[in-house]
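Peer 1: fold the following and give me the result.
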Amino acid sequence: MATIVLRPTNERLYLTDELALPWSATNLGEDNFRFQTRQPVYWEVEMTSYDRRSGTLSVRIVDYSAPAGEYRPARPARQAVSAVQFATLDREQFCAQLTYYRAGELPLSMIEVPEEAAAKFTGPPDPPDVPPASDFPIGMDTEEPTSSTYPLNFRVPITELTVGDGYAEGYYRDWIGAIRYRIPNSHLRKEFHPIRGYFARYLRRKTVDVTCELTFDAASEPEIRKAYSPHLSRIDDRLIEVLRARTLQDLLRPEETDRRLFTPEELLANYAEDDPVRVLLPPPGAELLEEILRTQNVRNAAQLAHLASHHEAGQKLHFVLSPRFGFLFFVRGQVMHHFLMELLDSHATYVWSLPQDEGTLSEHLERVTAEVQHLTAVGRSNYRRSKTFPYPFWTVRHESVGSEFVDGFPRWKARVEEGLI
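Peer 2: From the prediction side, this is the model:
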């Protein structure tokens, strides 16, 4: 088998340092994908044919994680290469190396789950009528292989794996020592590493099966290639969306606490570092509100979205956890500081307005925080009747929310905005 190791980058495909082609000269195309930049990528490819008239080299990738030392930057070229045609790409292994890709523009394999470990690694037969090595445009490696490859199956605890961007990796330990292996999965992110146990609970198993190839080479250490886990392959966008929705539901449940307002940092401080809420949810703030409005059926969604659009840029969005989850927005008027509290699925907007010339913004926030706590302690109805706040306090009800005949949002909006002086 005639092979060569290529060095693909985001800009060009390097056959050698002197022979580099733009991606537009390949069937993968320009701007259809982008590699992760944390470490260089090397592909070992088998050359299947070469068209002298067009200078087109046809190849098939046989190893997506070829050793860097096998790339030969000064390898001489016998003939010109003006284009490279790739055979169908292994979807999992290729996409695990990327930060984004356009699936419809790339020759990706179909998603398949092998029925047997051996079936995955049998591999296709050698292509018929492969030209002799002398016909290839670049000096290829045509020596007889000195390595031996064996199928290997084992089981590993999920918590022993290291999760990175596009993969999970670990070490196989046996009489031969510890050998690192990497299981591609383009849906995994390094931020998920602390919640491996969370995935294990959802998959209802503490271990995952791994199938791979164990290669012994006389010139190097044993190596594991083509690692695959049918259990880890179940971690995809759909599963992550389900976990994110469950986590969001837990976050929105009322919570008993002595405090009533939280900054984004304080909200996250309520959760342990390995709590899935820290990685499965957007950052607390505008992104979290957008996620709530996108995924939850919130009766006052229009009011929340409107207030979010008027919240002063640069000011932290504060959170209310009790009596139910909500937000405290800030709007700076011409003469007043306005703080507007909107709870999820509530029936009214609560507004505290304080003169700007009678205190700083931080002092006003501290005063409103005390009012929110008092409101929660005595109840919203009793608080409205008490009228103990020395500055303007007013509420605007959500009228005709959910009505098929009357849209109450314009009236609510007008009443809120006319008071924001």
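
Peer 1: tally of neighbours for Ile421?
Peer 2: 11 (other C-beta atoms under 10 Å). Every residue, glycine included, has its C-beta placed from N, CA and C.

Peer 1: quick one, strands of the stretch 151-300 of the chain?
Peer 2: Per DSSP state E, counting those that start in this stretch, the stretch 151-300 of the chain carries strands over the ranges 162-164, 167-174, 177-184, 207-217, 223-228, 261-262.

Peer 1: and those: which comes nearest Asp51?
Peer 2: strand 223-228 (29.9 Å; C-beta to C-beta).

Peer 1: quick one: contacts of the closest one?
Peer 2: Contacting residues not belonging to strand 223-228 are listed as 63, 65, 92-93, 114, 120-121, 152, 172, 179-184, 210-215, 217 [C-beta atoms under 8 Å, 6 or more residues apart in numbering].

Peer 1: any idea how far it is from the chain center?
Peer 2: What separates the centre of strand 223-228 from the centre of its chain is 24 Å, taken as C-alpha atoms, centre = their mean, to the nearest Å.

Peer 1: mean confidence for it?
Peer 2: Mean pLDDT, computed over strand 223-228, is 91.

Peer 1: same check, this time on stretch 363-370
Peer 2: 94.

Peer 1: thought Pro282 was touching Leu293?
Peer 2: No. Between Pro282 and Leu293 there is no contact under C-beta atoms under 8 Å: 11.7 Å.

Peer 1: tell me how many other residues surround the closest residue to Glu11 other than its chain neighbours.
Peer 2: What sits nearest to Glu11 in space, not counting adjacent residues and going by C-beta to C-beta, 6 or more residues apart in numbering, is Pro22, at 7.6 Å. Neighbours of Pro22 under the rule other C-beta under 10 Å: 10.

Peer 1: against Ala83, how distant is Pro22?
Peer 2: 10 Å (C-beta to C-beta, to the nearest Å).

Peer 1: give the buried residues for the longest helix anywhere in the chain.
Peer 2: Counting by DSSP state H, the longest helix found in the chain is helix 361-378. Judged by neighbour count (16 or more other C-beta atoms under 10 Å), helix 361-378 contains these buried residues: 364-365, 367-369, 371-373, 375-376.

Peer 1: centre of the chain to that helix, how far?
Peer 2: Relative to the centre of its chain, helix 361-378 is centred 37 Å away, using C-alpha atoms, centre = their mean.

Peer 1: start the count at 58 instead of 1 going forward.
Peer 2: Sure thing, new numbering starts at 58, so read that last one as helix 418-435.

Peer 1: run the chain-centre distance for the very next helix or strand once past it.
Peer 2: Counting by DSSP states H and E, the element after helix 418-435 in chain order, helix or strand, is helix 437-443. On the basis of C-alpha atoms, centre = their mean, helix 437-443 is displaced by 45 Å from the centre of the chain it belongs to.

Peer 1: could you do stretch 119-138 as well?
Peer 2: Distance, stretch centre to chain centre, for stretch 119-138: 32 Å (C-alpha atoms, centre = their mean).

Peer 1: residues contacting that stretch, please?
Peer 2: With C-beta under 8 Å, 6+ apart, stretch 119-138 has contacts from 58, 60-64, 71-76, 78, 97-103, 107, 109, 112-114, 147, 150-151, 154, 193-196, 239, 241, 277, 282.

Peer 1: out of those residues, which sit inside helices?
Peer 2: 150-151.

Peer 1: now, of the contacts of stretch 119-138, which are buried?
Peer 2: Of these, these count as buried by 16+ other C-beta under 10 Å: 58, 60-64, 71-73, 76, 78, 98-103, 107, 113-114, 150-151, 154, 193-196, 239, 241, 282.

Peer 1: among the residues you listed, which are in strands?
Peer 2: Among the buried ones among the contacts of stretch 119-138, the ones falling in strands (DSSP state E) are 60-64, 71, 78, 100-103, 107, 113-114, 239, 241, 282.

Peer 1: so what pLDDT did Tyr128 get?
Peer 2: Value for Tyr128, per-residue pLDDT: 91.

Peer 1: mind listing the helices for the chain?
Peer 2: For the chain, the helices defined by DSSP H cover 148-152, 174-178, 253-260, 294-309, 321-326, 334-337, 343-352, 358-367, 418-435, 437-443, 466-476.

Peer 1: need the winner for burial among those.
Peer 2: Mean neighbour count (mean count of other C-beta atoms under 10 Å) peaks for helix 148-152 among the helices of the chain, with a mean of 21.

Peer 1: can you dump the C-alpha atoms of that one in PDB for me?
Peer 2: Extracted C-alpha coordinates of helix 148-152, given in PDB (Å, rounded to 0.1, in the frame of the first residue of the first chain):
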ATOM      1  CA  ARG A 148     -17.600  11.400   9.800                       C
ATOM      2  CA  GLU A 149     -16.700  10.900  13.500                       C
ATOM      3  CA  GLN A 150     -12.900  11.100  13.100                       C
ATOM      4  CA  PHE A 151     -12.900  14.000  10.800                       C
ATOM      5  CA  CYS A 152     -15.500  16.100  12.600                       C
END
